[in-house]
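[1] Test case, fold it:
(one chain, ligands or ions: 2)
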Amino acid sequence: MSTISEKIFSRAAGKEAKANDFVIADIDYAMAHDGTSILAVRSFRQMEVENVWDPSRIVIPFDHLAPANSDTTAGLQKDIRGWVRQQGIRNFYDIGNGICHQVLPEKGFAMPGKLIVGADSHSCTYGAFGTFGTGVGATDMAEIFASGKLWFRVPESIRVTAEGKLGERVYAKDLTLKIIGEVTASGATYKAVEFYGDAIEDLSMAGRMTLSNMAIEMGAKAGIVPPDATTFEYLKDRAVSDYEPVYSDEDADYVAQYHIDVNSLEPQVACPHEVDNVCGVSGIAGKKLDQAFIGTCTNGRLEDLEAAAEVLEGNEVAVRTIIIPASRQIMKEAARQGLIEIFLDAGATMGTPGCGPCLGGHMGVIGEGEVCISTANRNFRGRMGTGGYIYLASPATVAASAIKGEITDPRKV
Ligand SMILES: CC(C)[C@H](C(=O)O)[C@@H](O)C(=O)O
Ligand code: SF4
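    Residues are numbered from 1 along each chain as shown. Ligands and ions are numbered 1, 2, ... in the order given. Below you'll find the predicted structure:
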């Protein structure tokens, strides 16, 4: 009678683990990016441990302020590059490779049944593969660098079932925002959310990553999709090791259950300044914009760019529009398919694969009082620039809104 999380922690802790048990678990893969590796390495140095536990299990992508935006950032990144070399960490992905939460799945690290910890809150993205993926702070990451272990309280689980067929120009992002609106921003705090139902099974791996990525926006420790043929197909010739899928037992314990019918779901928008401030696009259409942004670890994948290109083709944007593929591989494929030409012809600006303006560091920060519609996962006050307003939506909704200069239903362009 165990949930997916209980099974993964039982294996990782080497003993039967139930919800609310405290365990010390072996970590399968650990990730820290340019933003957090700096702090993790500082703590690691303070621990006076010479070598990391296993360099082959540590992955370091540079994505947050990459390429470096200042002397300070450049110096810190230089230091980490040196540390990575000295520690023999070969899974180092320098600027331009892409966002950590795209790079790890793409390179085959996210696998069913594994425990992956990242020094980044959206490490729950790996749950799309049936992985227990979760984020920790930089000092916890230093502990993992040194020992390969970390303590956890095994989370209780919530079961979300989504059934029906997504309509035309309604996507995984709309379903995700709908779920967050129902569960609320704190409704899954420290819980693992498991996703079921034919609407979930129908999602591609990219769609599942969008969904799992935003589990943290409900407060969840993890957001897990049970692995199936879609997962195994993605992992073929990609998985870096063997893996063993785990599934919850029929009589496993869930502390809450939610049911969502997606048949009549319209495109959704999360309004400032909370991610659960969600409404249908019809409720906010016409809101004037200053900027549109398509990218991030939530929606910078190939099918997101395809959806945006379908809307943008032959049109011109009415507000400044920034498009940043989530990885180099995605950018290359987008170029091959002619999507980048469509974007440039529409008047959009392309950025280097990475986080871009998502957290307001560079490459598209918004000004006081400005309004941005974005495909990202957070619309917190000030996130993309002090005094700015952020609306979250799917790539198609953002593209349609970019053309009109105001929030627009993608089914109406
Ligand atoms: C910089 C990093 C620590 C942060 C996170 O943990 O999520 C960032 O990626 C974000 O999305 O806000
Ligand atoms: S794209 Fe945004 S949400 Fe994702 S890791 Fe980067 S800053 Fe965080």
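[2] what residues does the one helix or strand Ala307 maps to touch?
    Using DSSP states H and E, the element containing Ala307 is helix 302-312. Helix 302-312 is contacted from outside by 169, 171, 204, 206-207, 210, 294, 323, 325, 330, 333-334, 337, 339, 342-343, 346, 348, 375, 394-396, 398-400, 402-403, 410, 413, using CB atoms under 8 Å, 6 or more residues apart in numbering. Every C-beta, even on glycine, is put in place using the N, C-alpha and C of the backbone.
[3] which parts of it are buried?
    In terms of neighbour count (16 or more other CB atoms under 10 Å), helix 302-312 has its buried residues at Leu302, Glu303, Asp304, Leu305, Glu306, Ala307, Ala308, Ala309, Val311, Leu312.
[4] So for that helix, mean pLDDT?
    Helix 302-312 shows a mean pLDDT of 98.
[5] What sits closest to Ala222 if chain neighbours are left out?
    The shortest distance from Ala222 to any non-neighbouring residue, by CB to CB, 6 or more residues apart in numbering, is to Ala192 (4.3 Å).
[6] neighbours around the one you found, how many?
    Neighbour count of Ala192, defined by other CB atoms under 10 Å: 29.
[7] Hmm, Gly133 and it touching each other?
    No - applying CB atoms under 8 Å as the test, Ala192 and Gly133 come out as separate, 10.4 Å apart.
[8] shared neighbours of these two, which are they?
    Residues touching both Ala192 and Gly133 by CB under 8 Å, 6+ apart: Ala222.
[9] Met140 against Lys149, yeah?
    Not Met; residue 140 is Asp. No - assessed by CB under 8 Å, Asp140 is found out of contact with Lys149, at 10.6 Å.
[10] Assumed Ile179 was part of a strand.
    No - read with DSSP: H, G, I helix; E, B strand; the rest coil, Ile179 is helix and lies in no strand.
[11] Write out the residues of the stretch 251-400 of the chain neighbouring ligand 1.
    Selection of the stretch 251-400 of the chain residues close to ligand 1 by CB under 6 Å from any ligand atom yields Leu359.
[12] Quick check: phi and psi on the residue in the stretch 251-400 of the chain positioned nearest to ligand 1?
    Proximity of the stretch 251-400 of the chain to ligand 1 (CB to the nearest ligand atom) peaks at Leu359, 4.8 Å away. Main-chain torsions, Leu359, degrees, to the nearest 10: phi -110, psi 20.
[13] Distance of it relative to Arg383?
    Applying CB to CB, to the nearest Å, the value for Leu359 to Arg383 is 6 Å.
[14] who has more neighbours, these two?
    Applying other CB under 10 Å to Leu359 and Arg383 shows that Arg383 carries more neighbours, namely 21 against 17.
[15] contacting residues for the spatially closest residue to the more buried one that is not a sequence neighbour?
    Counting by CB to CB, 6+ apart, the nearest residue to Arg383 once its immediate chain neighbours are dropped is Gly360, at 5.5 Å. Residues in contact with Gly360, defined by CB under 8 Å, 6+ apart, are Ile366, Gly382, Arg383, Met384, Gly385, Gly388.
[16] pLDDT wise, what is the last one at?
    If I follow you right, that is Gly388. You'll see Gly388 listed with a pLDDT of 98.
[17] related to what we said a few turns ago, let me know the closest of the buried residues of helix 302-312 to ligand 2.
    Of all the buried residues of helix 302-312, ligand 2 sits closest to Asp304, with 12.5 Å by CB to the nearest ligand atom.
[18] which strands and helices sit next to the longest helix along the chain?
    Secondary structure assigned by DSSP state H gives helix 71-87 as the longest helix of the chain. With contacts taken as 3 or more CB pairs under 8 Å, 6 or more residues apart in numbering; DSSP states H and E, helix 71-87 sits against helix 34-46, strand 58-61.
[19] about what we covered before: now the contacts of helix 302-312: which count as buried?
    Using 16+ other CB under 10 Å as the burial test, these include 169, 171, 206-207, 210, 294, 323, 325, 330, 333-334, 339, 342-343, 346, 348, 375, 394-396, 398-400, 402-403, 410, 413 as buried.
[20] In strands, which of those fall?
    Judged by DSSP state E, these include Ile294, Ile323 as members of strands.
[21] To what extent is the closest residue to Ala270 other than its chain neighbours buried, counted in neighbours?
    In space, and not counting its chain neighbours, Ala270 is closest to Leu392: 4.0 Å by CB to CB, 6+ apart. Neighbour count for Leu392, taken as other CB under 10 Å: 31.
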